[in-house]
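>>> got a structure for you, letters missing:
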C-alpha cells in the first residue's frame with residue numbers, strides 16, 4: 001500500500017482558497033473511481049511549518065501512470081485545476097510536487 005502526497009506552494013494568503021479548490025478536484029477523482037478518499041490540509045502561515053502550503057494525500061495499492069491509454073480523465077478535472085493554478089506560487093521554482101511513500105502494515 002502506498003501513500004501519495006502532492007504538495008502545492010501557494011501565493012501568500014491563498015492557501016485556504018487553494019485547499020478548497022483542490023478538495024473539489026480530489027472529490028471528482030474519487031467519485032469516478034480514480035482515487036481513494038483524499039485528505040486535504042493546509043498552512044496559511046498561522047501555524048508552525050512551511051507557510052502557504054496545501055497538501056493532498058490519498059492511498060493506492062499500485063502506481064498507475066496517469067498517461068496510460070485507458071485512463072480517461074473527464075473535463076471537469078481539468079476545469080477544477082484551472083481554478084487554482086493562478087493562485088500557485090510559480091516565481092521561485094516548482095509550484096507543486098509529488099511524493100510516494102510505502103505504508104508499513
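Good, I have the coordinates. Since the model is a prediction, treat every value here as computed from it, not as a measurement.

>>> Mind listing what's buried along the least confident helix or strand in the chain by mean pLDDT?
Scoring the helices and strands of the chain by mean pLDDT, DSSP states H and E places helix 75-84 at the bottom, with a mean of 92. Buried residues in helix 75-84, defined by neighbour count with 16 or more other C-beta atoms under 10 Å: 80, 84. Every residue, glycine included, has its C-beta placed from N, CA and C.

>>> For the spatially closest residue to residue 25 that is not a sequence neighbour, give me its contacts.
With sequence-adjacent residues excluded and distances taken as C-beta to C-beta, 6 or more residues apart in numbering, residue 25 is closest to residue 80, at 3.8 Å. Residue 80 makes contacts with 21, 24, 25, 28, as judged by C-beta atoms under 8 Å, 6 or more residues apart in numbering.

>>> Look up phi and psi at the residue nearest the centre of the chain.
Nearest to the mean C-alpha position of the chain, by C-alpha atoms, centre = their mean, lies residue 56 at 4.0 Å. Main-chain dihedrals, residue 56, degrees, to the nearest 10: phi -120, psi 130.

>>> Could you verify my assumption that it touches residue 26?
Yes: with contact defined as C-beta atoms under 8 Å, residue 56 reaches residue 26; the gap is 5.9 Å.

>>> Between those two, which contacts overlap?
Counting by C-beta under 8 Å, 6+ apart, the residues touching both residue 56 and residue 26 are 38, 40.

>>> ranges for the helices of this structure?
Residue ranges of the helices in the chain, as given by DSSP state H, are 15-31, 75-84.

>>> Taking helix 15-31 as reference, get the angle to the shortest one.
Meaning helix 75-84. Put simply, helix 75-84 runs at 170 degrees to helix 15-31, going by axes from the mean of the first three to the mean of the last three C-alpha atoms, to 10 degrees.
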